[in-house]
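Engineer: Model the following, please.
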Amino acid sequence: MISLIEKEVVDRRKWIDRREFLDMLAVAQSLPGILAVNISVAVGDKLRGLKGSICSALGTIILPFLIILAIAIFLTPDLIKNNPIISSIFKGIRPAVTALIIAPVFTTARSAGITWKTIWIPIVTAAVIWSKIPFVSNPIFFIIAGGLFGYIYYTRKAVNTTH
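Structural biologist: Just a heads-up that it's a prediction; the model follows:
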């Protein structure tokens, strides 16, 4: 989903630049709710203010809502399990869903400037969060630590460039 949004908003329509998209993406990921709605509201707000936010949110929500509503009405769990054609369709969708989850990881990493020298940072962070070690596996700890290290890094960088 992220790569599709980025391709449409940044590359095709050129509504915002890549750096601004990454900033909006970071904010959208940290907010509660659906990522696509959060980022569409941010883009809508930048382009047309409150009206743009409302229109982009509705445009992002209405079609998936109607599709899910139709699936919920017509496709019961029993029908999916007992109908070999429908069951095969859902099994065939699995690789595409996996690709849609993995693709934004690479495009976002490339856009964020993650290199072979810095790849260890997100890997170690994800491994520690996954480990479920109390306190250290809490993502809030990494958000605060990242902000603190970023502040220290940029204040030192600012001091070094003024001398």
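
Engineer: Mind telling me what element Trp116 is part of?
Structural biologist: Element membership of Trp116 [criterion: DSSP states H and E] is none; it lies in no helix or strand.

Engineer: residues near it, how many?
Structural biologist: Around Trp116 sit 6 other residues, with neighbours defined as other CB atoms under 10 Å. For every residue, glycine as well, the C-beta is placed using N, CA and C.

Engineer: From Arg18, how far off is it?
Structural biologist: Taking CB to CB, to the nearest Å as the measure, Trp116 falls 21 Å from Arg18.

Engineer: With Ser137 instead?
Structural biologist: 32 Å.

Engineer: repeat for Pro134
Structural biologist: Taking CB to CB as the measure, Pro134 falls 38 Å from Arg18.

Engineer: quick one: which of those two has more around it?
Structural biologist: The neighbour count for Pro134 versus Arg18, taken as other CB under 10 Å, is higher for Arg18 (14 against 6).

Engineer: Let me see the contact set for the more buried one.
Structural biologist: Remark: with contacts taken as CB atoms under 8 Å, 6 or more residues apart in numbering, Arg18 is in contact with 6, 10, 111.

Engineer: so which strand or helix has the closest residue to Asp45 other than its chain neighbours?
Structural biologist: Across the structure, with CB to CB, 6 or more residues apart in numbering as the measure, the residue nearest Asp45 apart from its sequence neighbours is Ser53 (4.5 Å). Secondary-structure element containing Ser53, defined by DSSP H and E: helix 35-74.
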